[in-house]
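**Q** Predicted coordinates and the sequence they were generated for:
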Amino acid sequence: MTPLAASPPDSSRIGRSGTGWDVARVRADFPILTREVRGRPLVYLDNAATAQKPAVVIEAMERYYKTGNANVHRGVHALSQEATLEYERVRELAAKFLGAGSASEIVFTSGTTAALNLVAQSYGGSVLRPGDEILVTEMEHHSNLVPWQLVAERTGALIKAIPVMQSGGLDLASLEGLLGARTRIVAVTHASNVIGAINPINAIAAMAHEVGAVVVVDGAQSVPHLRIDLQAIECDFFACSGHKLYGPTGIGLLYGRQSLLEAMPPWQGGGGMIREVQIERSSYAPPPERFEAGTPPIAEVVGLGAALDYVGRWDWEALVAYEQDLVAEAARKLGGVSGLRLLGEGADRVSVLSLVLDGIHPHDAGTVLDTLGIAVRAGHHCAQPLMRRFGVAATLRASFGAYNTHADIDVLVEGLQRARQVLG
Amino acid sequence: MSSELDELYQSVILDHNRTPRNFHKLDDATAHAEGRNPLCGDMFDVWLKVAGGRIVDVAFLGQGCAISKASASMMTQAVKGKTVQEVRELFEQFHSLVTVGDSGGGGTALPAKLEVFKGVRAFPIRVKCATLSWHAMRQALDAAQKEET
């Protein structure tokens, strides 16, 4: 334990009482859940956008700024050494949390988007040749699509997409035909940020590896809802964000296979990523430092560490069962709202649901819900190709986290019925 | 229901959402622009027929929320027959209405009907919805005037 770390974890597992998930106890850890919105208790169902933060995360960041602020990897003084120890402790913690083989396979980035851009520019930029192919899916978030478009434009590579079926699942039958000798990269989301669909990464990876392609997984939406074990997931890169995992914004993780990271050129140049610098050329530090140019978001790393300490004490089996129960009940009860349709209902999913109300624009429904203190997301969710696939311009998305309750579902259903009333 | 919500979704707005006026393409338009909100995917095409410095016809098509669609619909009614200068003044007044809740007066009085959009100010995120078609219209006018000069 370094001086900046939170107090030692309680040995009793939090979040569990009897056989279930002790949601009341978890809720008590999140200060924001006591606030009111427009005179109503907050019902926060926008977890897929960002999760709320437990007090331990907020306090850890405050403690860092109040008592430990210093740059990392640079000073001989005590504060810098403490900050560096904590920074590297969090890397170890993240590696352990994700099941990475080693902390040197974990690169700190500003988030999932930066992690995916890093892979696209550094790995993609160095291996792609004109006519090579990048395979994505129709359900990708723009952050696992646009970076590939940028590198494709630069290298002359082509982009193809695995279709999404009406059920919300990927059309794996088409995968064999899409993969070929020119496929270099398969970029796929672990769980859809729109419909929650969980993709069978190992099945995809087995076929992708067969043709020699690397597999890049966007884990932004899976990490908060599933126990991730990179030893069991056959991917080559895995990206996720701290802020969806109850940590701060501005910090994310990129896991990359050691051999791949070692062969990759730097993405951004600057301090901290070099071995030796001359006026005309430099040599670079080994990974992960090679990919962390400049002063990193240290307070955010400290906050992420507190979040990982916190969620690391959860009983994830109980959490997953609880969230699955929530989302199943939500789907069932939402089905009772007249003119309501869920998108991609046939797939296994994390606790993320997208719905459309016949004749009512999601923004209008979202505003009605807002007046009732309910926070949901309305829009295209940065997944326009998926919107097009389902023939809608936008949806209303409700996403459930560890602190949501069955009562939240009832408030949501009432709110949607109210929207139907108000908007006709 | 909250009074803010009542004020936002007045029956006239819901009516224009359900049956938008001048909701078609204008084949003999002299100006056109597209309004697009990349955050929500709302998009509208606005067509204007300008003759002798006056909007002689106006129409729109597209998709969006009740606020954006009703606003576009009522805008077409408000600007038809007005001079380009008057329409530019209306833009400023409408913008002021939905952001600060007061049109601020000025040369060309804002039609009283448009006061129904006053409720938008309680929902700052929806200001873009209410002004999307107005911005498109102004853009069309700008393009048309640039072509003339």
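**A** Nice, I can see it. Keep in mind that what you see is a predicted model, and the values were worked out from it rather than measured. Residues are numbered from 1 along each chain as shown, chains lettered A, B, ... in the order given.

**Q** Report all helices and strands that the longest helix anywhere in chain B contacts.
**A** For chain B, the helix with the greatest residue count under DSSP state H is helix B:127-148. Contact analysis of helix B:127-148 by 3 or more C-beta pairs under 8 Å, 6 or more residues apart in numbering or on different chains; DSSP states H and E lists strand B:31-37, strand B:42-51, helix B:66-79, helix B:84-100 as its packing neighbours. Just so you know, the C-beta spots here come from the backbone N, C-alpha and C atoms, and that holds for glycine as well.

**Q** For it, what does the pLDDT average out to?
**A** The average pLDDT within helix B:127-148 is 90.

**Q** List the buried residues in it.
**A** Neighbour counts using 16 or more other C-beta atoms under 10 Å in any protein chain shown place B:127-141, B:144 of helix B:127-148 among the buried residues.

**Q** Let me see the residues that make contact with it.
**A** With C-beta atoms under 8 Å, 6 or more residues apart in numbering or on different chains as the test, helix B:127-148 has contacts from A:363, B:30-37, B:39-40, B:42, B:44-48, B:50, B:58, B:60, B:64-65, B:67-68, B:71-72, B:75, B:79, B:84, B:87-88, B:91, B:94-95, B:98-99, B:117, B:120-121.

**Q** 7 Å - rerun?
**A** Outside helix B:127-148, the residues that touch it by C-beta atoms under 7 Å, 6 or more residues apart in numbering or on different chains are A:363, B:30-35, B:37, B:42, B:44, B:46, B:48, B:50, B:60, B:64-65, B:67-68, B:71-72, B:75, B:79, B:84, B:87, B:91, B:94-95, B:98-99, B:117, B:120.

**Q** quick check: angle from that helix to strand B:31-37?
**A** 150 degrees (axes from the mean of the first three to the mean of the last three C-alpha atoms, to 10 degrees).

**Q** and chain B, which residues reach chain A?
**A** Neighbours of chain A within chain B, by C-beta under 7 Å from any C-beta of the partner chain: B:1-2, B:4-5, B:8-9, B:14, B:39-41, B:63-66, B:123, B:126, B:129.

**Q** Got the confidence number for residue A:2?
**A** As predicted, residue A:2 sits at a pLDDT of 49.

**Q** same thing with residue B:121?
**A** Listed pLDDT for residue B:121 reads 90.

**Q** nearest residue to it other than its sequence neighbours?
**A** Leaving out its chain neighbours, the residue that sits closest to residue B:121 by C-beta to C-beta, 6 or more residues apart in numbering or on different chains is residue B:101, at 4.5 Å.

**Q** re earlier: out of the residues of chain B next to chain A, which end up buried?
**A** Neighbour counting by 16+ other C-beta under 10 Å classes B:4-5, B:8-9, B:14, B:40-41, B:64-66, B:123, B:126, B:129 among these as buried.

**Q** residue contacts, the residue in chain B that chain A sits nearest to?
**A** Distances between chain B and chain A by C-beta to the nearest C-beta are smallest at residue B:65, namely 3.8 Å. Going by C-beta under 7 Å, 6+ apart, residue B:65 touches A:361, A:363-364, B:42, B:129.

**Q** Out of those, flag the one nearest to residue A:264.
**A** Using C-beta to C-beta, residue B:42 is the member of the contacts of residue B:65 that sits closest to residue A:264, with 40.3 Å.

**Q** what sits against the closest one?
**A** If you count contacts by C-beta under 7 Å, 6+ apart, residue B:42 has them with B:63-65, B:68, B:129, B:132.

**Q** Can you get me the centre-to-centre distance for the lengthiest helix in chain A and its chain?
**A** Longest helix in chain A, counting residues (DSSP H): helix A:78-98. In this view, helix A:78-98 has its centroid 21 Å away from the chain centroid, taken as C-alpha atoms, centre = their mean, to the nearest Å.
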